[in-house]
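Asks: Build me a structure from this.
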Amino acid sequence: MAFAPGVYAQGRADAARMVDEAFRATANLSDISAESLARSPKAIAALRMTTRLPLARDRLAGLSSVARGVFERLEQGFVPLQTDFPF
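Replies: Predicted coordinates for the structure are as follows:
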């Protein structure tokens, strides 16, 4: 268990970077658009958590009628090659 504090600190630092990147990409959440998400697709992970209650990928996919895999790829930093939405 000695590794736990280090792992926790690294996870927290990674999450802080992800949130910071999302805020920069969306101009502090004032520009949440297809263009801003195309510039920073990983921001979708942080944006899912800004809702109350946080949206699970499956729920977001269902609400938006977009395949769950699209959100998984966005969170990995990739804009899918073939999409039904205007990127």
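Asks: and the longest helix seen in the chain, C-alpha only, in CSV?
Replies: If you go by DSSP state H, the chain has its longest helix at helix 4-25. Taking Å, rounded to 0.1, in the frame of the first residue of the first chain, the C-alpha atoms of helix 4-25 are listed here in CSV:
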residue,chain,number,x,y,z
ALA,A,4,-1.1,4.4,-3.1
PRO,A,5,-0.2,8.0,-2.2
GLY,A,6,2.0,8.3,-5.3
VAL,A,7,-0.7,6.8,-7.5
TYR,A,8,-3.3,9.0,-6.1
ALA,A,9,-1.1,12.1,-6.6
GLN,A,10,-0.5,11.1,-10.2
GLY,A,11,-4.2,10.5,-10.9
ARG,A,12,-5.1,13.9,-9.3
ALA,A,13,-2.4,15.7,-11.4
ASP,A,14,-3.7,14.0,-14.6
ALA,A,15,-7.3,15.0,-13.8
ALA,A,16,-6.2,18.6,-13.0
ARG,A,17,-4.5,18.8,-16.4
MET,A,18,-7.5,17.4,-18.2
VAL,A,19,-9.8,19.9,-16.6
ASP,A,20,-7.4,22.8,-17.3
GLU,A,21,-7.2,21.7,-20.9
ALA,A,22,-11.0,21.5,-21.2
PHE,A,23,-11.4,25.0,-19.7
ARG,A,24,-8.8,26.5,-22.1
ALA,A,25,-10.4,24.7,-25.1
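Asks: contact partners of that helix?
Replies: 29, 36-37, 39-40, 42-43, 45-47 (CB atoms under 8 Å, 6 or more residues apart in numbering). For glycine as for every other residue, the C-beta is placed from the backbone atoms N, C-alpha and C.
Asks: hmm, 10 Å instead?
Replies: 28-32, 35-47, 49-50, 75 (CB atoms under 10 Å, 6 or more residues apart in numbering).
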